[in-house]
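Asker: need a structure here:
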Amino acid sequence: QPVESGGGLVQPGGSLRLSCKVSGFTLNDLSIGWFRQAPGKEREGVSCISNSGITTKYVDSVKGRFTISRDDAKNTVYLQMNSLKPEDTGIYHCAAVRYYSISHYCRITSTDFESWGQGTQVTVSS
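Answerer: The predicted structure follows:
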């Protein structure tokens, strides 16, 4: 099960870096996705990275502001969030799905993912 960290309260325009640490597998085995859910809203896909580490995808609302990356040595995927807006507020979850071969595929669709973390709260407010 992935474990998220790094959430918090930040002012509009600020930055946060979320971490998603996985265990039991290497990141070469897993595609990782980030999802968020705001109060009263449906869960939204934010970003994903393929198990090859080559393909990354973003929802349009975060393109140019968020960056997904990974550190294989730490078995950790990061979501760097810059120029944060109040509408970025929500609980951010990372999720993992196992692949049995190297793939350049990922999709920011919750049904593609098998294992979910508990989430970390991100609040953007002045």
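Asker: measure residue 37 to residue 76 for me?
Answerer: Distance, residue 37 to residue 76, using CB to CB, to the nearest Å: 22 Å. Every residue, glycine included, has its C-beta placed from N, CA and C.
Asker: more crowded one of those two?
Answerer: Each of residue 37 and residue 76 had its neighbours counted (other CB atoms under 10 Å), and the higher figure belongs to residue 76 (19 against 14).
Asker: So in terms of bridging, what pairs with the more buried one?
Answerer: Per DSSP bridges, residues listed as beta-bridge partners of residue 76: residue 21, residue 71.
Asker: And for the one 4 residues further on?
Answerer: Beta-bridge pairing for residue 80 (DSSP bridges): residue 17, residue 67.
Asker: What count of nearby residues applies to it?
Answerer: Using other CB under 10 Å, residue 80 has 14 other residues around it.
Asker: So that it lines up with my notes, have the first residue be 10 from now on.
Answerer: Sure, I'll start counting at 10 from here, so that last one is residue 89.
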